[in-house]
Every structure is written in structure tokens, then in C-alpha cells.
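Q: Mind looking at a prediction? Sequence and model below.
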Amino acid sequence: MLPALWRLLADRGVPVTIDDLAATGPWTPRQVREEFTRQPGTDWDDNGRIAGFGLTLRPTPHGFTFAGRTVYGFCASDTLDFPAVLGRPGVVTSTCPTTGRRIRLELTPDGPTAIDPPTAVVSRMRPSVAVPDIRRLCDLGNFFGSPEAAAGWLAANPDGEVVTVAEESEVVSLAMTRLGWVPRHH
């Protein structure tokens, strides 16, 4: 259901109705509504349409621009999924929360082609138990300008880890492929 939501949001650039999302797959409108209602991290608009989950139309620190449109990721790692799931190249922009330095990634469906600064890393948490609100977990996933810039984050989050953008890109690419979220033409 999420790949369909992401594609609709990216293609249209406006929140998606429950009926429109249900029409993309084997779900009834009731199933779609129940699934997203039980997810506290879902972004809803004032008209009961879905504005995002993972990929959102609401600005976050992690933007993904493609074909003149910008969507956002709940966390840094989410943006690494977007080119493969959407089947489109684009540019991720974020800001290192420690140094304030701009992070810029050029991505294709096959992975990053440019990383500025080249020392950029991604913080991530991989909980061993289900997290009731994905947004709390995602708030911990950021781009940092360097491993040194992420040292404070690591000290405050001993269960977390920091990996290179290339490493995280490989992990999310494998996950998206295994989940069947990558379009067939990819």
C-alpha cells in the first residue's frame, strides 16, 4: 500500500483520498482507512486525505526534488528509498543538525551518484521491537556532515548507529527490492 501512496503523492503533489488509494490495489476503502488511522504517524489534511507516511507533502528536514516537485521524508533513510520506489532520479537536500552544513545527494533509482560533502553519514535506529509511532523513530534518522559531527548523536543514542550514505543506500535498496516496492521497469 505504501508504494502506491508514495507514487500517488509524488505524481499528483496533493493529498490522496482513501478511495483513490484503495483503487490502486486489492484494498477496500475501509481497509485503507483502518490501516492509516491506526498509524499515529500518518499525515492527514483537514479534509481526511492522506498527505504522507514515510513520503510526505509536509516539509521535513529531508527534501527530495525531482522533475520540479519536492516531497519530503520522515527520516533521512526514507529519502534514499524514493528514487527506486518512484522510478525517478532526484536530489536530496538536508542540513546537518550539528554543524548546520547543507547535505546534498544526487540519486538515481540505482543509488547515489554524488554526495556533498563526501563525508556525509546517516544516523539510524533499528529497534528490535515494534515502535508504536514511526515518527518518533524517524526523528532520530538524520544526515550528518561527517562521522565526527554525528558523535554527539551517537552518545545520546547508544542503541543507534551511524553509517555512510552509500552503506545506507545499499540497505534500503535491498529492502525495497525484497518488499517488491521497486517498479518492474527498474
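A: Ah, there it is. Keep in mind it's a predicted model, so treat the numbers as computed, not measured.
Q: tell me the domain ranges of the chain?
A: What automatic domain parsing lists as the domains of the chain is 1-57, 59-181.
Q: Present those domains as JSON lines; the columns should include mean pLDDT and mean neighbour count.
A: Every C-beta, even on glycine, is put in place using the N, C-alpha and C of the backbone. Shown next, in JSON lines, are the domains of the chain (pLDDT from 0 to 100; neighbours: other C-beta atoms under 10 Å):
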{"stretch": "domain 1-57", "mean pLDDT": "94", "mean neighbour count": "17"}
{"stretch": "domain 59-181", "mean pLDDT": "90", "mean neighbour count": "17"}
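Q: State the distance from Pro83 to Val71.
A: According to C-beta to C-beta, to the nearest Å, Pro83 and Val71 sit 12 Å apart.
Q: hey, what's in contact with both of these two?
A: Phe64 (C-beta atoms under 8 Å, 6 or more residues apart in numbering).
Q: can you pull out the strands in this protein?
A: In the chain, the strands defined using DSSP state E lie at 43-44, 50-53, 55-56, 62-66, 69-73, 90-95, 102-108, 111-116, 121-124, 143-144, 161-164.
Q: between these, which one is nearest to Leu174?
A: Leu174 lies closest, by C-beta to C-beta, to one member of the strands of the chain: strand 111-116, at 11.0 Å.
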